[in-house]
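Q: I would like to see how this sequence folds:
(chains A and B)
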Amino acid sequence: MSEKLTAKDFATSQEVRWCPGCGDYAILKSVTQALADVGASRENTAFVSGIGCASRFPYYVETYGFHTIHGRAPAVATGLKLANPELDVWVVTGDGDGLSIGGNHLMHALRRNIGLKILLFNNEIYGLTKGQYSPTSRVGTRSPSSPGGSVDTPISPGQFALGAGAKFYARGVDTDKVGLSTVLKQAHAFQGTSLVEIFQNCIVYNVDVFASFTDRKNAANTQLHLKHGEPMLFGENNGKGIHLNRDTLELEVIDATESPDDVLVHDEANKTIARFLIDLHMPVAMGVLYREPSISYEDAFYAHHTSRMKRTKTIGDFIKGPSSWTVD
Amino acid sequence: MAIALNSRASTRTGSHRISESANFVNKNKDVKSVTVRLAGDSGDGIQLMGTQFAVSTALSGADFATFPDYPAEIRAPLGTTFGVSAYQINLGNGPITTPGDAPDVLVAFNPAALKVNLPLLRRGAILVINNDAFTRRNLTKAGYDADPRGDGSLSDYQVVAADIGRMNLEAVKEFGLSKSEGGQCKNFWALGVLLWMFERDLISVEAWVERRLAGKPTMRDANIAALRAGHAFGETAELAASLPQISISPAKAAPGEYRSITGAEALALGLAAAAELADRSVLFCSYPITPASPLLHRLTHLGEMGIGTFQAEDEIAAICAAIGASYGGMIGVTSSSGPGIALKTEAMGLAVNAELPLVIVNWQRGGPSTGLPTKTEQSDLYQAVYGRNADTPIPVLAASTSGDCFYMAIEAVRIALRHMTPVILLADGYLSNAAEPWKIPDVAAIPPIECNPVPDSDESPQRIAFTRDDASLGRPWVTPGMPGMMHRIGGLEKDVATGHISYDPANHQTMTDLRAQKVESVANFIPDQQMEMGPDSGDLVVVGWGSTYGPIYQAARATGASYIHIRHINPLPKNLGDLLSGFDKVLVPEMNTGQLSTLLRDKLNATPISFPKVTGQPFLISELVDKIEALAKGASS
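A: Numbers count the residues shown, from 1 in each chain, chains lettered A, B, ... in the order given. Alright, predicted model coming up:
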């Protein structure tokens, strides 16, 4: 690639068919911006998706794209990445696609650490099938399939990921272009499976479900933007900080100006703190919660495969088997 | 067979003889062949013993066919009838195409093995029994009220009751093994006896033991000692005249170089050959399942042929990863058995809609549900041809013998790449494990596998990706990484010309028709159906498919019936309808309730006579002969 591509170069001519006001539009902009910023090449980038509103994504990105079947995108993407490890392979999924019907594939992609950039659009609802509660819906969610309120305990995408052995877990908000594209670039740079949970507002079936912490007016007080090696500060003028109560093993909010030394410093590789951060409800942790560099599955696969998937012998070397005999 | 066996044996000096009056009853139309069955607990090493005997048979130049018949339980409780594992081999101077109907020799390691297998034997068969296992406790576990050795129930057989357990322990005593470790050598002791019976030397088996147990010198030496002791036991005639020595002259095979091969080995080599012929790598993605796993195991040894193996988290992930690999430009292959194939169904539709190449191998087994995992059946033909949601046609092939798995693997890849479609290759549990002598082919003589080229065009990449060849309706294989060709594919219906998503009613009709025509067009590329045997018109033709090839071949040979064996199931060869209409009766034996019969009625308007069998056991030649003869009589009366 000689000339530098812009976000516009990654847009297709296809008419975008999400509902007006859907958070997906903002995510699309952040993704194309991130692709431009990291200098991605269009022909060496592929977007693979499953089924759901989010999974329409590949049609709107001017790269290779494969809109597969419900829940199976991580599996298809795994085959693609193994066939051509030079590709940047992105997976776009949702809370239903990735954590319900496709939970098994997401789990195994994460524990293998294969080089997929997985974007999980979490809106806590099934949108494309018209509003049923999803595996991330909170207890009591009223929907066409749960008119009296859902009774299922929701799954935590972050705890799921770490439980599965994920090496990279990050979060962003659909409309926070700066924060999200920063996270996407970090996800892109990671060698292995990076899971980015994006809080996405479904304006039709679950509007403002995340408003308590995504509302821009109050975001400084409700979001904790993590940076590796820096103290966990938030609030007006970073006046508040996160402290680990060593007696109860819980995170607490403290006044950072009073006791700055008690504020936790973010260490991305600390899995225990990452688990606490996932469960922190106010503020909600954003950015890279956990990152642990490790060999990627495709590197291990090719290293194990001594000929690196190339033919170095001919069929004649194998066809006779361990012993043969001749009939005259 | 008894007479042939006797006359050959009697010409040999130093051989024990079976008296001319030995009461062999020749129900089998096979001649000059001997069927040997080995049976014991699943931990007795029966399969290993059988495999080594088969290798020795191959090297002796005899023709043979094997049938590993093992239980679903890995280690069932010792001494029980449901834990009995067996290995059957039919050997002779050929052509041998089946593992044999009724065994002439049974080696039974315990009462349960005797109980289960005795009904299979022909009267007069030789019965080698391990005396040491005939304890009160084992007899009870096997369900015997009285010891069969003493109550006259074995009087129709030539019983050789030997203290195999004790003599084996004696032979390995010097190695200081525990009783349990020493006992593990008894399959080699018995193999020694068997090799003596068939006038074999011990070289190949000893060489194998040397290699296999190189890291365990004590067990290596003990097993070789047991083998030699068993061999010497036969030779020094401690058995008096009860054990015959059986000599099989080499088969009259066509000149050439041969090897022993199982279906799993042949299919693995076929995929490797196809990779070479297509100049592509293969990504094989599968999830372990009986009896499909041997193919996965074989392929892990073919990395230098550009084959990668990916063990997926489930059946669905396996086929999806294979689809992803095909999308990425490798030949994606997945393999399973019926229940796993059922799980893959939705993804097959994706490959059809996205017009991607893919090979799906189904090693069929008894069903429904978990069914009979270790027993063979041909009951997934409907599933392969008809078993998907919507109008989702897929070409279907069926391998007829273990060796044929090689050629059908190449054919499956060829069709997949030419037509850009998934292809189902039907095999079964019998083929997966059964070994036969196989003439090693000249791969250089097999035409290369062509892919549709990407046209040089100013059109949009989306359109170019779906510009189809007129004859095959296959599209070019455009893969991520190709500059300037970025486009989108998926499971949604797309416009026939532009390749963009389309909900247009007329377009869906066009695309549905196109998908059907594409599969039908395969018939224009495949050879006409040939007669396997006999005249191409007349009173009766037997029509088979898949692994029933062996018994039907022998039954047709014995009766002189015409025989057609179908390897292209969907679409059927174009001349098949005309061929069948030249016969008054079309007999279709198959190991299901009549699925090929249905297909022939559906596709060709034929009126076949179905001869189904679903016992989990292959057809006997004798039951096919009886059926053919009964139908022939019906014609003359």
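
Q: Any part of the helix or strand residue A:300 falls within near chain B?
A: Assessed by DSSP states H and E, residue A:300 sits inside helix A:297-304. Yes: judged by C-beta under 8 Å from any C-beta of the partner chain, helix A:297-304 comes into contact with chain B through residue A:301. C-beta coordinates here come from the backbone N, C-alpha and C atoms, glycine included.

Q: for stretch A:156-165, same thing?
A: No: applying C-beta under 8 Å from any C-beta, one finds stretch A:156-165 separated from chain B by no less than 11.0 Å.

Q: any idea of the mean pLDDT for that stretch?
A: For stretch A:156-165, the mean pLDDT works out to 98.

Q: Check what pLDDT residue B:244 gets.
A: You'll see residue B:244 listed with a pLDDT of 58.

Q: By proximity to chain B, which residue of the stretch 101-250 of chain A wins?
A: residue A:108 (4.0 Å; C-beta to the nearest C-beta).

Q: Figure out the helix or strand that the residue lying farthest from the centre of chain B lives in.
A: Distance to the chain centre peaks in chain B at residue B:458, reaching 49.8 Å (criterion: C-alpha atoms, centre = their mean). For residue B:458, there is no host helix or strand (DSSP H and E).

Q: ok, it to chain A distance?
A: Distance of residue B:458 to chain A, given as C-beta to the nearest C-beta, to the nearest Å: 16 Å.

Q: thinking again about what came up before, packing partners for the helix or strand just after the helix holding residue A:300?
A: Counting by DSSP H and E, the element after helix A:297-304 in chain order, helix or strand, is strand A:324-327. Other elements packing on strand A:324-327 under the criterion 3 or more C-beta pairs under 8 Å, 6 or more residues apart in numbering or on different chains; DSSP states H and E are strand B:256-262.

Q: packing partners for the helix or strand following the strand it packs on?
A: Later in the chain than strand B:256-262, the nearest helix or strand by DSSP H and E is helix B:263-278. For helix B:263-278, the packing partners by 3+ C-beta pairs under 8 Å, 6+ apart come out as strand B:282-286, helix B:293-299, strand B:307-311, strand B:331-336, helix B:404-419, strand B:422-428, helix B:429-433.

Q: The most centrally placed residue in chain B: what's its closest spatial neighbour, skipping adjacent residues?
A: The residue lying closest to the centre of chain B (C-alpha atoms, centre = their mean) is residue B:431, at 0.3 Å. Counting by C-beta to C-beta, 6 or more residues apart in numbering or on different chains, residue B:263 is the residue found nearest to residue B:431 once chain neighbours are left out, at 3.3 Å.

Q: contacting residues around that neighbour?
A: Residues near residue B:263 by C-beta atoms under 8 Å, 6 or more residues apart in numbering or on different chains: B:399, B:401-402, B:405, B:427, B:430-434.

Q: switch to 6 Å and redo it
A: B:402, B:405, B:427, B:431-432 (C-beta atoms under 6 Å, 6 or more residues apart in numbering or on different chains).

Q: Show me the shaky parts of chain B.
A: Scanning chain B for pLDDT under 70 picks out B:1-31, B:237-245, B:247-250, B:634-637.

Q: Spell out which residues make up each domain of it.
A: B:2-235, B:259-526, B:538-636 (automatic domain parsing).

Q: Please identify the most buried of those.
A: domain B:259-526 (a mean of 22; mean count of other C-beta atoms under 10 Å in any protein chain shown).

Q: picking that back up, is it possible to get a markdown table of the contacts of residue B:263 that adds distance to residue A:299?
A: Below are these laid out as a markdown table (distance: C-beta to C-beta, whole Å):
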| residue | distance to residue A:299 |
| --- | --- |
| B:402 | 37 |
| B:405 | 34 |
| B:427 | 34 |
| B:431 | 37 |
| B:432 | 33 |
